[in-house]
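A.B. asks: Got a predicted model here, sequence first, then my questions.
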Number of protein chains: 2
Amino acid sequence: MPARLLNGAATAAAIRSELLPQVRAFASQAGRAPALDIVLVGHDPASEIYVRNKHRAGSEAGLLVTIHKLPESSTAAEVLSLVERLNASAACDGILVQSPLPSGISKADAQRVFDAIHPDKDVDAFHPQNVGLLVQGRPVFAPCTPSGVMELLARENIAMAGKRAVIIGRSEIVGKPMALLLLQRDATVTICHSRTANLPGVAREGDILVAAVGRAGFVRPEFVKPGAVVVDVGINRLTDRAMAAEFFGDPSARLADFDRKGSLVVGDVHPSVADVAGALTPVPGGVGPLTIAMLLKNTLMAARRREQ
Amino acid sequence: MPARLLNGAATAAAIRSELLPQVRAFASQAGRAPALDIVLVGHDPASEIYVRNKHRAGSEAGLLVTIHKLPESSTAAEVLSLVERLNASAACDGILVQSPLPSGISKADAQRVFDAIHPDKDVDAFHPQNVGLLVQGRPVFAPCTPSGVMELLARENIAMAGKRAVIIGRSEIVGKPMALLLLQRDATVTICHSRTANLPGVAREGDILVAAVGRAGFVRPEFVKPGAVVVDVGINRLTDRAMAAEFFGDPSARLADFDRKGSLVVGDVHPSVADVAGALTPVPGGVGPLTIAMLLKNTLMAARRREQ
């Protein structure tokens, strides 16, 4: 029996439609829409798509979304100066600097840019202050992707208390906050990574398995406890036709898709996992839309906190 | 073959003796000793002992340790005002407010007191900013108990990369930072707690097992993988003679100790674990002295950063 699909897109749409009246109520009380300012430096194609999606979703939800485009050649000082201007602006509630910054800006300087965002406007929840508050169980803003996953699991009535949750990946943006949020819901949490010995065996302990490795189809059936809930956070572009054929079968609708477009967006979880898992988030249409919905929610929260 | 004892007291003494010349070098350059200010509110007997030990160890290491005693009846505003004065004082490098505050101060107000400590003087590393930096792998100060454990494991040449580490307890002060530090050393980390199903079985997965539950002798042999390294963070006062007899045998040297003193300090790990574990930290003389040594190290670091 193939896994039940956890429809992240539908859940994200539900969250957005719940936000609409709240955004309207805020706007009529405050006399302005909640304002999200997105800083986009350079021309990374994936970043341009993400920013466009955030702009569209935000506008549809009634937010005032402004995109600040800076040239590829921008210096860290120029980006910092824009962030400082937004920090000081009464008209700005939330600031998002789209990652990654161009390679001309060093890692250390990029960190300085993200750290410069005022914690009260940090709707991505990357600031150490917001990360610390999350660890301490009193978050102001929770990071969008992991909190979107939690929202999905809760709305799908997935039991978490006392269950074993295994997370593959230990990034600051997904893996670690995911672990902390699952722990707060009383799961027994294991964090795996590239140095983990017998990774399939450890992953197979999970009643809930979260894949956040950034490698197409990395999680195969032998990683999955029969009946487990599998959350696929990966967004990878597949450009190898043989791999696409192996993933989806030949012939198949998605391979035909590949042949039309020359590539496909796939997750970290191999399609064959659907035969073992009890429930599974698809890619696309799983975690991705939830991330954006939570960003909008964080922006409304930032606006409310500033009006208090 | 009984477990090898990991001598935390000796390691702590080694850390302190390494600190001595560094403290002297700082003092001769800065024209003053690194200054640690400890705030002690009320008369909690355990707190009084901890503060006395910190004072002695700090003074022996060449620090200027000042204890600020406030009456049991102090209001949160009075404690806050002292913390603000220390924040502003050029003569203060590190501030430690001894936990817990008296019951007359609410949990929320106590949190406000700890949050008021400036991150640059936060030698206990409780401030959300410092917690966040730890999560992000760029700590300024690491919390004293978990970083003391890491120091012990490193100096005892305990392999961590690729090993399974299991932590029982998810407190902000020990469990969570312990997990993050072990993760940074490439262990595969599992966090257990009161809601964990089959706790002995999960604990038994650990090549390294850290007990931080605060219950005397809670971890029994069935929790321990044969040969595992067991770190006992618990400091519990045992007052029941029958329990002491069951723990240490009757007759035994420690039971005679109990009969002299009327109580004993014991860890979270039952003595019978020594028959299964490969290595074990004793209580007392294990993790406790390391906590104080790391506090002194953090104070020196705070002083150096302020002089830069």
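C.D. replies: In hand now; what should we look at?
A.B. asks: When you work out contacts or count neighbours from here on, use the C-alpha atoms and nothing else.
C.D. replies: Will do.
A.B. asks: List the contacts of A:Val79.
C.D. replies: A:70, A:113 (Cα atoms under 8 Å, 6 or more residues apart in numbering or on different chains).
A.B. asks: Ok, A:Ile67 next?
C.D. replies: A:37-40, A:55.
A.B. asks: Go again with 6 Å.
C.D. replies: By Cα atoms under 6 Å, 6 or more residues apart in numbering or on different chains, the contact list for A:Ile67 reads A:38-39.
A.B. asks: Any figure for the gap between it and chain B?
C.D. replies: According to Cα to the nearest Cα, to the nearest Å, A:Ile67 and chain B sit 28 Å apart.
A.B. asks: who in chain A is up against chain B?
C.D. replies: Proximity of chain A to chain B, by Cα under 6 Å from any Cα of the partner chain, involves residues A:128-129, A:131-133, A:162, A:188-192, A:195-197.
A.B. asks: Pull out the buried residues from the residues you listed.
C.D. replies: The neighbour count (16 or more other Cα atoms under 10 Å in any protein chain shown) marks A:128-129, A:131-133, A:162, A:188-192, A:196-197 as buried among the residues of chain A next to chain B.
A.B. asks: pLDDT added to these, as JSON lines?
C.D. replies: Shown next, in JSON lines, are those (pLDDT from 0 to 100):
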{"residue": "A:Pro128", "pLDDT": "97"}
{"residue": "A:Gln129", "pLDDT": "97"}
{"residue": "A:Val131", "pLDDT": "97"}
{"residue": "A:Gly132", "pLDDT": "97"}
{"residue": "A:Leu133", "pLDDT": "97"}
{"residue": "A:Gly162", "pLDDT": "97"}
{"residue": "A:Thr188", "pLDDT": "98"}
{"residue": "A:Val189", "pLDDT": "98"}
{"residue": "A:Thr190", "pLDDT": "98"}
{"residue": "A:Ile191", "pLDDT": "98"}
{"residue": "A:Cys192", "pLDDT": "98"}
{"residue": "A:Thr196", "pLDDT": "98"}
{"residue": "A:Ala197", "pLDDT": "97"}
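A.B. asks: of all those, which comes closest to A:Ser272?
C.D. replies: A:Cys192 (21.5 Å; Cα to Cα).
A.B. asks: Could you give the bridge partners of the nearest residue to the closest one once chain neighbours are set aside?
C.D. replies: Beyond its immediate neighbours in the sequence, the residue positioned closest to A:Cys192 (Cα to Cα, 6 or more residues apart in numbering or on different chains) is A:Ile168, lying 4.7 Å away. Counting by DSSP bridges, A:Ile168 is bridged to A:Cys192, A:Ala211.
A.B. asks: Just give me the neighbour total for A:Ile168.
C.D. replies: Neighbour count of A:Ile168, defined by other Cα atoms under 10 Å in any protein chain shown: 24.
A.B. asks: A:Leu80 too?
C.D. replies: 19.
A.B. asks: can you tell me the helix or strand for it?
C.D. replies: helix A:76-88 (DSSP states H and E).
A.B. asks: Give the next helix or strand downstream of that helix.
C.D. replies: strand A:94-97.
A.B. asks: any idea what the spatially most distant residue from the centre of chain A is structurally, helix, strand or coil?
C.D. replies: Farthest-out residue of chain A from its mean C-alpha position, per Cα atoms, centre = their mean: A:Pro251, at 31.8 Å. Three-state call for A:Pro251 (DSSP: H, G, I helix; E, B strand; the rest coil): coil.
A.B. asks: related to what we said a few turns ago, just the buried ones among the residues of chain A next to chain B: which are in strands?
C.D. replies: If you go by DSSP state E, those have A:188-192 in strands.
A.B. asks: Pop out the phi and psi values for A:Pro139.
C.D. replies: The phi/psi pair for A:Pro139 (degrees, to the nearest 10) reads phi -70, psi 150.
A.B. asks: Please read the previous query as pertaining to A:Ala187.
C.D. replies: Torsion angles, degrees, to the nearest 10, at A:Ala187: phi -80, psi 160.
A.B. asks: what's the neighbour count on it?
C.D. replies: 27.
A.B. asks: who's in contact with it?
C.D. replies: Neighbour list for A:Ala187: A:160-164 [criterion: Cα under 6 Å, 6+ apart].
A.B. asks: For those residues, pick the one with the most neighbours.
C.D. replies: Highest neighbour count within the contacts of A:Ala187: A:Arg164, with 26 neighbours (other Cα under 10 Å).
A.B. asks: Now stretch A:5-13: buried residues?
C.D. replies: So for stretch A:5-13, counting by 16+ other Cα under 10 Å, buried means A:5-9, A:11-12.
A.B. asks: swap in stretch A:138-148?
C.D. replies: Buried residues in stretch A:138-148 (16+ other Cα under 10 Å): A:140-148.
A.B. asks: Can you show me the strands along the stretch 1-150 of chain A?
C.D. replies: Ranges of strands in the stretch 1-150 of chain A, per DSSP state E, counting those that start in this stretch, are A:4-5, A:35-41, A:64-70, A:94-97.
A.B. asks: For the shortest one, give me every contacting residue.
C.D. replies: Think strand A:4-5. Residues contacting strand A:4-5 (Cα under 6 Å, 6+ apart): A:279-281.
A.B. asks: Next, count neighbours for the residue of the stretch 201-308 of chain A found nearest chain B.
C.D. replies: At 9.0 Å from chain B, A:Val202 is the closest residue in the stretch 201-308 of chain A, using Cα to the nearest Cα. Residues near A:Val202, counting by other Cα under 10 Å, number 21.
A.B. asks: Quick check: which element contains it?
C.D. replies: helix A:199-203.
A.B. asks: Convert the C-alpha atoms of that helix to PDB, please.
C.D. replies: C-alpha atoms of helix A:199-203 as PDB (Å, rounded to 0.1, in the frame of the first residue of the first chain):
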ATOM      1  CA  LEU A 199      23.100   5.900   8.500                       C
ATOM      2  CA  PRO A 200      20.300   3.700   7.000                       C
ATOM      3  CA  GLY A 201      20.100   1.800  10.300                       C
ATOM      4  CA  VAL A 202      19.900   4.900  12.400                       C
ATOM      5  CA  ALA A 203      17.300   6.500  10.100                       C
END
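A.B. asks: For it, which residues meet the burial criterion?
C.D. replies: Residues of helix A:199-203 classed as buried by neighbour count (16+ other Cα under 10 Å): A:199-200, A:202-203.
A.B. asks: Could you do stretch A:206-226 as well?
C.D. replies: A:206-221, A:223-226.
A.B. asks: Determine how far it lies from the middle of the whole chain.
C.D. replies: Offset of stretch A:206-226 from its chain centre (Cα atoms, centre = their mean, to the nearest Å): 17 Å.
A.B. asks: is it possible to export the contacts of strand A:4-5 to CSV including neighbour count and secondary structure?
C.D. replies: Converted to CSV, these look like this (neighbours: other Cα atoms under 10 Å in any protein chain shown; DSSP: H, G, I helix; E, B strand; the rest coil):
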residue, neighbour count, secondary structure
A:Ala279, 22, strand
A:Leu280, 26, strand
A:Thr281, 26, coil
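A.B. asks: Rebuild those residues as CSV, extending it with pLDDT.
C.D. replies: Formatted as CSV, these follow (pLDDT from 0 to 100):
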residue, pLDDT
A:Ala279, 98
A:Leu280, 98
A:Thr281, 98
